[in-house]
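Engineer: Provide a 3D model corresponding to the input given below.
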Amino acid sequence: QVQVVESGGGLVLAGGSLRLSCVASGSIFRVNDMGWYRQAPGKQRELVATISRGGTSTYADSVKGRFTINRNNAENTVSLQMDMVKPEDTAVYLCNAVVVSNDGSLRAMTYWGKGALVTVSS
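Structural biologist: Presented below is the predicted three-dimensional model:
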């Protein structure tokens with residue numbers, strides 16, 4: 001079993017900063033890609049940022065220059081530093097991790113956290 005848990009959501013004023021963290025734990029041999037997605041009320045889930053095990057990152061155009069994704073391979077964690085936030089950044093932010101299990105199969109599966117609510121007030 002693998003668990004993915006986010007933390008750090010909350011209420012922030014427009015123009016402010018917030019940091020989200022996520023940890024993957026359980027039957028892990030290796031964590032490959034990790035990422036952050038978000039889902040606003042009434043909207044589809046959208047990609048925010050991803051980062052490979054080697055540290056290559058990608059960002060949605062809407063957050064480039066404002067959000068930064070980082071990871072710690074030794075601790076199986078990923079973070080999202082959110083700066084200059086806008087009201088339109090309000091959403092539930094979900095972390096995912098592509099995990100190779102330590103059950104010997106070397107099969108990679110994607111696991112999702114339950115999400116962290118970020119509310120940006122104007």
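
Engineer: which element follows the helix or strand harbouring Leu47 toward the C-terminus?
Structural biologist: According to DSSP states H and E, Leu47 maps onto strand 46-51. Note on strand 46-51: by DSSP H and E, the next helix or strand toward the C-terminus is strand 57-59.

Engineer: pLDDT averaged over that following strand - what is it?
Structural biologist: On average, the pLDDT along strand 57-59 is 98.

Engineer: Would you mark the buried spots in that strand?
Structural biologist: For strand 57-59, the neighbour count (16 or more other CB atoms under 10 Å) marks Tyr59 as buried. (C-beta placed from N, C-alpha, C; glycine too.)

Engineer: Kindly report the same for stretch 94-107.
Structural biologist: Leu94, Cys95, Asn96, Ala97, Val98, Val99, Val100, Ser101.

Engineer: And those residues, which is closest to Thr56?
Structural biologist: Val98 (13.7 Å; CB to CB).

Engineer: ok so, going back, same list (the buried residues of stretch 94-107) but as a markdown table, adding secondary structure.
Structural biologist: Formatted as a markdown table, these follow (DSSP: H, G, I helix; E, B strand; the rest coil):
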| residue | secondary structure |
| --- | --- |
| Leu94 | strand |
| Cys95 | strand |
| Asn96 | strand |
| Ala97 | strand |
| Val98 | strand |
| Val99 | strand |
| Val100 | strand |
| Ser101 | strand |
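
Engineer: Out of those residues, which comes closest to Leu80?
Structural biologist: The closest of the buried residues of stretch 94-107, once distances to Leu80 are taken by CB to CB, is Cys95, at 8.3 Å.

Engineer: Surely the closest one touches Met34?
Structural biologist: Yes: contact criterion CB atoms under 8 Å: Cys95 and Met34 qualify, at 7.1 Å.
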